[in-house]
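[1] predicted model follows, preceded by the sequence.
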Amino acid sequence: MRVQWMIIGISLSVLGVFAAETLGLGLKVRASEPPNPQDQIHRLNAKDNRVELSPEVIALGKTVLSKLDQTKNTGREFDYWPRGGIRIAYRHIATFATYEMVNRMSPHPVFLSGPHGDKRLNLYASYEFGHYNPNFLKWLHNNLAEILRDRSFVKSTSILFQQYLQKTAIVYFGTYNELNSNTEELKLLLKEYKKLIDNETLPAFYYYDVAWEEAGEKYEVIRKLHNTYGPNLIASAVYFWLRRRIDGTHEQVYAILQSLLDSYAQFRSESHQNPGALPGRK
């Protein structure tokens, strides 16, 4: 879609890098370190996990997570980093890890359908968007679980995560929960959105117009999100989740976000606490 944020964005912006979610350092936690709270949440099949892990991805992910403060804007959009949405986060993470690189490393196609090619993302398609491949997301989550098990690495990158990725992750996490707790309005938003796409009548700046004005008056859930996070960030977050509802990957993406935030929460410094940190937890 015209402002298709893709999960590359969510991987890259929430984890810090598309490959960061595919990061699989696989180092055992020392006895003196606190247990990883995600071990039970991400109980993976050991055989499948070993097959899915990639040393190349691990090395790339480690580089990116360790250099979040050394990125540059690789796109032409206004640079809101690190207080913007997924798209600008991807543009910065692409300093070290591009969509083409991750697509090449993944054993599964990133998308099942949509306007994107193997090497480039089409972020300006007016009436279609990338439908994520559930197998790709599983691979992504498997690798993410590996890095989160390495508590020493999570701790060493926690300040960078807090400074550059935490806010975006929390906004998308909280937006999902708010939409999920307002099922009737979620259905109406989905119906309206799908109709505009199917009829090819989606206005060019629909996301921002809706988030700032009309939808804030029409939908209570949008008003709540405005009050919690401000309209700018939720403009992309709301419609990102509507697209994930349409392609059926919303629960997988949410699980990635939840495991990421839960794991880094242990090392969150007082100076980077977020007042509404994880509203509406499942």
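    Thanks, I have it.

[2] now do the strands in the stretch 101-250 of the chain.
    Residue ranges of the strands in the stretch 101-250 of the chain, as given by DSSP state E, counting those that start in this stretch, are 111-113, 131-132.

[3] from what I see, D118 and S106 are in contact.
    No: using Cβ atoms under 8 Å, D118 is not in contact with S106; the gap is 10.8 Å. For glycine as for every other residue, the C-beta is placed from the backbone atoms N, C-alpha and C.

[4] more neighbours, these two?
    Set D118 next to S106 and count neighbours by other Cβ atoms under 10 Å: S106 wins out with 21 against 11.

[5] surely that one and K138 touch.
    No: applying Cβ under 8 Å, one finds S106 not in contact with K138, separated by 10.8 Å.

[6] residues contacting the nearest residue to Y206 once chain neighbours are set aside?
    Nearest residue to Y206, sequence neighbours excluded (Cβ to Cβ, 6 or more residues apart in numbering): L196, at 7.0 Å. Residues near L196 by Cβ atoms under 8 Å, 6 or more residues apart in numbering: 202-203, 206.

[7] quick one: pLDDT of L196?
    Listed pLDDT for L196 reads 92.

[8] run the chain-centre distance for stretch 251-259.
    Stretch 251-259 sits 8 Å away from the centroid of its parent chain (Cα atoms, centre = their mean, to the nearest Å).

[9] what do you get for stretch 252-266?
    10 Å.

[10] give me the buried stretch members for it, please.
    The neighbour-count check on stretch 252-266 (16 or more other Cβ atoms under 10 Å) flags 252-264 as buried.

[11] hmm, H131 is touching V110, no?
    No: contact criterion Cβ under 8 Å: H131 and V110 do not qualify, at 10.0 Å.

[12] what is the mean pLDDT for stretch 165-178?
    Mean pLDDT, stretch 165-178: 93.

[13] shaky segments in the stretch 151-282 of the chain?
    Low-confidence segments of the stretch 151-282 of the chain (pLDDT under 70): 209-216, 268-282.

[14] now the helices for the stretch 101-250 of the chain?
    Using DSSP state H, counting those that start in this stretch, the helices of the stretch 101-250 of the chain run over residues 134-149, 151-164, 166-180, 183-198, 206-209, 215-218, 220-229, 231-247, 250-265.
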